[in-house]
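Asker: My questions are about this predicted structure, shown below with the sequence.
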Amino acid sequence: MSENENVVPVAGGTPPATTGPKAGRGVVGRMARNPLAVAAVVVLVAVVGVSIAAPLLTPFGPNEVIAGLARRPPGAGHPFGGDGAGRDVLSRLLFAGRLTLTGAVVTVVVAMLIGIPSGLLAGYHGKWFDSVSSWFANILIAIPGMVLLLAFIAAAGPQTVPVMAVFGVLLSPGFFRLVRAAVQSVRGELYVDAARIAGLSDARIISRHVVSVVRGPIVIQAAISAGAAVLIQTGLQFLGLGEQGKPSWGQMLSDAFTNIYSAPYLVFYPGLTIAITVAALALFGNALRDALQDRPVRRRRRVDRARAGAASDTTRDVSNASAEAARGPAGEEPLLSVRGLTITYPGDTGDRAVVRGVDLTVDRAQVVGIVGESGSGKTQSAFAVLGLLPTEARIAAGSIRFDGSELSSLDRKARGALRGRRIAYIPQEPMSNLDPSFTIGYQLTEPMRVALGISRAAARNRALELLGTVGITDPLRTFHSYPHQISGGMAQRVLIAGAISCDPELLIADEPTTALDVTVQAEILDLLRGLQRDRGMALLLVTHNFGVVADICDRVVVMQDGRVVEENDVTTVFAAPGHDYTRMLLDAMLDDTSPRPPLVSTTAGRN
Amino acid sequence: MVSFVVKRIVSGIALVVVIATATFFLLRAGGTNVARTLLGETATQAQISAKLHELGLDRNVFVQYGDWLSHAVRGDFGSSWLTSQPVMTALVDRLPVTLSIAIGAVVLTTVVSVLLGVLAAYRRGWTDRIVQVLGIAGFAMPGVWLALILILAFAIKLAWFPATGYVQAGQSLGGWAVALVLPVVAIAVSSVASTAQQVRSAMLDVLQNDYVRTLRSRGLGEGSVVLKHALRNAAPTGLTVISLEFISLLGSTVVIERIFALPGIGSMVLDATVGGDSPQVLGVVVMMVIVVVVVNLVIDLLNGWLNPKVRVQ
């Protein structure tokens, strides 16, 4: 039921407490532009206003029994009808908010008074206070709140203020945890260290840096706690454990329950009033969270799709033309041919292109390097070939042809059948690319069984063989290991084994050595080169390292700022770089301590 | 692993003792005059003293506490002040009712919220918006109101389910299940609403991991990537959320047992509260905390088993 004592933010997680000091006027502005937020505030103001002004608004007293009104359905003079005892439902409804809203305020104030200071102290000073207070918070969370409130009422009676104050204590861990986590993360920030060195007192640092970070999440938590307080009071009042003699929403529901056969209409209004009030609180919290995260109120998905449709038409035009152009003198089509590829991401001010009109050709058994700084669009181009761009990314124009077929014209299933089996991928960071919950063996055999349709035993044999091929000394042990049990270099070998497991024709390697130790880098590169030669695979190697390019590539594509600035065979590029940017990258490599010393002599010799 | 379990059991026992102690002194500190309530306004001072002596309330409060605790650890929570029935007997009779409701609601919550949460995180767009709206609606709807609406619609209008009453599973399994449908749905809705949001955000986090892209690059179908790999990695978060929901559902049984006239420990603590029957209140509080501790232990063990870093040494 909604007496949800363990208040969890309604729409998934509290916002990251890193919004920083800028959360202020801008947030209010964004809230004002969100119709849901405005509606929520209007409803809340209306509920509070009506409750306060109830004596002025209602024609009847809340406890005034009117002759003949008992269980009379809504009608003239009594728009919501009369209750079981002959009292005017509308008048009672307007008065009833007072008790529940008072209780909600008491709960939120008590929860904040306990949770915020203790959270600040626990987060800022840590040590024994942190352990003790965290222990208390865990205890409070482990108690079914409703039952504890009953025990309290059994001891102290049903007065709203003390009962709801106890509920506030039960909800204080929510604020405690929020503030503690925020303070802990802010405490590690450099600017707080700087402030401390500058001689600011702890109190000043807290008020200036911490409070500005947590005030938004605190308001959200307060809104949700208030909702929970309204709901639990409804339950208590319904059970007859609310304050006696005063009208309340829960009591009205209890009256409706008593008369559920003779006057079912009584159920409707009190419940609706509560639901609207709590929903307004939750919506307010959600809207504030969105405003703090500076998210657009709504995504323009539909527009995007329409545009994507238009774009795919142009794609086809380009692809027909480029299919002709891409054919070499011998008339043989290259294995991979990318023409005019443009990838965009939605941004604040329209779509932002990260790849613009990229052309790229890889022949069978050829090794092509894509070189460029981070952010030059090289990885995005590789993902586009794999069909693994993030969902918000969009291929705005261009064509990708693989072995003669246009990839954008394939359906999802056909595209998926290419992946792994004919186009494979080696990622950059080995550890984060293995599923931590499954064994290495499972992660190797599952795709093989899907892609090749082989049996479990056959897949197992093949996986063990592959692990040996990529230079793992104890394949069986690795096969049964979980990712956390192996080293980064071994993980990269496992990922290479996985990539080549279905004999792909094109292998796309995204900075396959960047995350590894220098010694391991050379080994992995040797392994890749050997596999590429033995199996006659084409290799598209994304890298920022010209040393790697010199080592292994036949051709080089240099990218800058989403565009291809130079494409040529390796010797030409090293001997006579045609673009300033290429020259700059080469110089940077030569000035820097290169991870692969032989490279210097190679280029020197060629010069 | 063994030391982990032992540690959790010890801290669970500590939790039970702390809450039992706090509740005991809270109930004794409450100024209500039990003897007068029991004997009525006409009782003489001598009768009241005799009653207090009979209940052992004329002793020092710490002596009373020691007495209660020494019996409680042996499974004896004393007798009801109102009916003289042993509290433990009532608890044993009534606990299965409450657990049936709470466990039924947890199972329903798990199934529906995983379904909704995964769909919302995977499909995004309109599916996601609908699940989020359901989240707000489910949170905002008072459980009492929902229960009354369900009774009006399904018990009174359509007469598909009984409005009140409980059938023991031993008597009729079908009758037991039918009697539980409305109460379980009534308390599960708000749990589903908040759990689905948590599952959604856990799935969104997992789906952003690099290994998800790598698994897709190997040609695995979306079914395997989302339902096997991503869901498996989101499971620990989900389990923790569900253990918190269980605590909240246990509290909700108090109201729902009253509405549907179900003889569980929720309605027992309610009657005891109204009647000032301290031993019963205390017994239910302790029993509920024990259930919570056991559930948390099971969830911790499940989480440990799910996490290869804990399981594989």
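Answerer: Thanks, I have the structure now.
Asker: and the longest helix along chain B, what does it pack onto?
Answerer: Longest among the helix segments of chain B by residue count, using DSSP state H, is helix B:87-123. Under the contact definition 3 or more C-beta pairs under 8 Å, 6 or more residues apart in numbering or on different chains; DSSP states H and E, helix B:87-123 sits against helix B:125-140, helix B:173-207, helix B:231-259, helix B:265-275, helix B:278-306. Any C-beta I mention is one placed from the backbone N, CA and C, and that applies to glycine too.
Asker: Same list, these, but as CSV with distance to chain A please.
Answerer: Converted to CSV, the helices and strands packed on helix B:87-123 look like this (distance: least, C-beta to the nearest C-beta, whole Å):
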stretch, distance to chain A
helix B:125-140, 4
helix B:173-207, 3
helix B:231-259, 3
helix B:265-275, 4
helix B:278-306, 5
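Asker: Measure how the longest helix of chain B sits relative to helix B:125-140, angle-wise.
Answerer: Angle between the axes of helix B:87-123 and helix B:125-140 is 160 degrees (criterion: axes from the mean of the first three to the mean of the last three C-alpha atoms, to 10 degrees).
Asker: How about stretch A:497-513, which residues are buried there?
Answerer: The neighbour-count check on stretch A:497-513 (16 or more other C-beta atoms under 10 Å in any protein chain shown) flags A:497-502, A:504-513 as buried.
Asker: Could you report the neighbour count for residue A:519?
Answerer: Other residues within reach of residue A:519, judged by other C-beta atoms under 10 Å in any protein chain shown, total 9.
Asker: And residue B:311, by the same measure?
Answerer: So residue B:311, with other C-beta under 10 Å, has 11 neighbours.
Asker: got a pLDDT number for the closest residue to it other than its chain neighbours?
Answerer: Excluding the flanking residues, the one nearest residue B:311 by C-beta to C-beta, 6 or more residues apart in numbering or on different chains is residue B:305, at 5.8 Å. With respect to pLDDT, residue B:305 scores 84.
Asker: what do you get for residue A:115?
Answerer: 92.
Asker: Check which helices and strands the host helix or strand of it sits against.
Answerer: Assigned by DSSP states H and E, residue A:115 falls within helix A:89-125. Applying 3+ C-beta pairs under 8 Å, 6+ apart, we find helix A:89-125 packed against helix A:35-52, helix A:54-57, helix A:127-141, helix A:160-187, helix A:211-238, helix A:249-258, helix A:268-293.
Asker: returning to what we had before: where helices are concerned, which of the buried residues of stretch A:497-513 count?
Answerer: Going by DSSP H, the helices hold A:497-500 from the buried residues of stretch A:497-513.
Asker: Which one of the buried residues of stretch A:497-513 is nearest to chain B?
Answerer: Closest to chain B out of the buried residues of stretch A:497-513 is residue A:498 (6.2 Å), distances taken as C-beta to the nearest C-beta.
Asker: Am I right that that closest one is in contact with residue A:446?
Answerer: No - the pair residue A:498 / residue A:446 is not scored as a contact, 9.9 Å apart, by C-beta atoms under 8 Å.
Asker: Quick check: neighbours shared by those two?
Answerer: Common contact partners of residue A:498 and residue A:446 (C-beta atoms under 8 Å, 6 or more residues apart in numbering or on different chains): residue B:218.
Asker: distance of residue A:383 from residue A:400?
Answerer: Using C-beta to C-beta, to the nearest Å, residue A:383 is found at 11 Å from residue A:400.
Asker: Pick out whichever of the two has more residues nearby.
Answerer: Legend: neighbour count by other C-beta under 10 Å for residue A:383 and residue A:400, higher for residue A:400 (24 against 21).
Asker: what's the pLDDT at the more buried one?
Answerer: Confidence score, pLDDT, at residue A:400: 91.
Asker: Can you tell me the closest non-neighbouring residue to it?
Answerer: residue A:407 (4.5 Å).
Asker: Now do the contacts for the one you found.
Answerer: A:385, A:387, A:400-401, A:415, A:418 are the contacts of residue A:407 under C-beta under 8 Å, 6+ apart.
Asker: follow-up on the earlier one: so can I have JSON lines of the ones in helices among the buried residues of stretch A:497-513 showing distance to chain B and pLDDT?
Answerer: JSON lines is the format used below for those (distance: C-beta to the nearest C-beta, whole Å; pLDDT from 0 to 100):
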{"residue": "A:497", "distance to chain B": "11", "pLDDT": "90"}
{"residue": "A:498", "distance to chain B": "6", "pLDDT": "90"}
{"residue": "A:499", "distance to chain B": "8", "pLDDT": "89"}
{"residue": "A:500", "distance to chain B": "11", "pLDDT": "88"}
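Asker: quick one: which of those residues is nearest to residue A:205?
Answerer: Closest to residue A:205 out of these is residue A:498 (49.1 Å), distances taken as C-beta to C-beta.
Asker: Run a quick neighbour tally on the closest residue to residue B:280 other than its chain neighbours.
Answerer: In space, and not counting its chain neighbours, residue B:280 is closest to residue B:272: 3.5 Å by C-beta to C-beta, 6+ apart. Look at residue B:272: counted by other C-beta under 10 Å, it has 26 neighbours.
Asker: do the same with residue A:90
Answerer: With other C-beta under 10 Å as criterion, residue A:90 counts 19.
Asker: repeat for residue B:128
Answerer: Count around residue B:128 with other C-beta under 10 Å applied: 18.
Asker: pLDDT below threshold where in the stretch 1-150 of chain A?
Answerer: A:1-25 (pLDDT under 70).
Asker: who's in contact with the residue nearest to residue A:262 when sequence neighbours are not counted?
Answerer: In space, residue A:262 comes closest to residue A:71 once its chain neighbours are excluded; the distance is 5.4 Å by C-beta to C-beta, 6+ apart. Neighbour list for residue A:71: A:81-84, A:259, A:262-263 [criterion: C-beta under 8 Å, 6+ apart].
Asker: helix, strand or coil for residue A:71?
Answerer: Classification of residue A:71 by DSSP: H, G, I helix; E, B strand; the rest coil places it in coil.
Asker: From chain B, how far out is it?
Answerer: According to C-beta to the nearest C-beta, to the nearest Å, residue A:71 and chain B sit 15 Å apart.
Asker: What values do phi and psi take at that residue?
Answerer: Backbone torsions of residue A:71, given as degrees, to the nearest 10, read phi 60, psi 30.
Asker: how close does it sit to residue A:80?
Answerer: Going from residue A:71 to residue A:80 by C-beta to C-beta gives 13 Å.
Asker: Now do the strands in the stretch 351-500 of chain A.
Answerer: For the stretch 351-500 of chain A, applying DSSP state E, counting those that start in this stretch gives strands covering A:367-371, A:394-402, A:405-406, A:423-426.
Asker: Can you give the contact residues for the first one?
Answerer: Same thing as strand A:367-371. By C-beta under 8 Å, 6+ apart, the residues outside strand A:367-371 that reach it are A:360-362, A:378, A:381-382, A:532, A:538-546, A:548-549, A:552-559, A:570, A:585.
Asker: Averaged pLDDT, it. What do you get?
Answerer: So the average pLDDT for strand A:367-371 ends up being 92.
Asker: Okay, buried residues for that strand please.
Answerer: Quick answer for strand A:367-371 (16+ other C-beta under 10 Å): A:367-371.
Asker: on that earlier part again, tell me the one of the buried residues of stretch A:497-513 nearest residue B:115?
Answerer: Nearest to residue B:115 among the buried residues of stretch A:497-513, counting by C-beta to C-beta, is residue A:498 at 30.7 Å.
Asker: got the contact list for that closest one?
Answerer: A:443-444, A:447, B:214, B:218.
Asker: now, which of those sits nearest residue A:225?
Answerer: Nearest to residue A:225 among the contacts of residue A:498, with distances taken as C-beta to C-beta, is residue B:214, at 41.6 Å.
Asker: and the gap between the one residue in chain B that gets nearest to chain A and residue A:275?
Answerer: Using C-beta to the nearest C-beta, the closest approach of chain B to chain A is made by residue B:143 at 2.4 Å. Computed as C-beta to C-beta, the residue B:143 to residue A:275 distance reads 11 Å.
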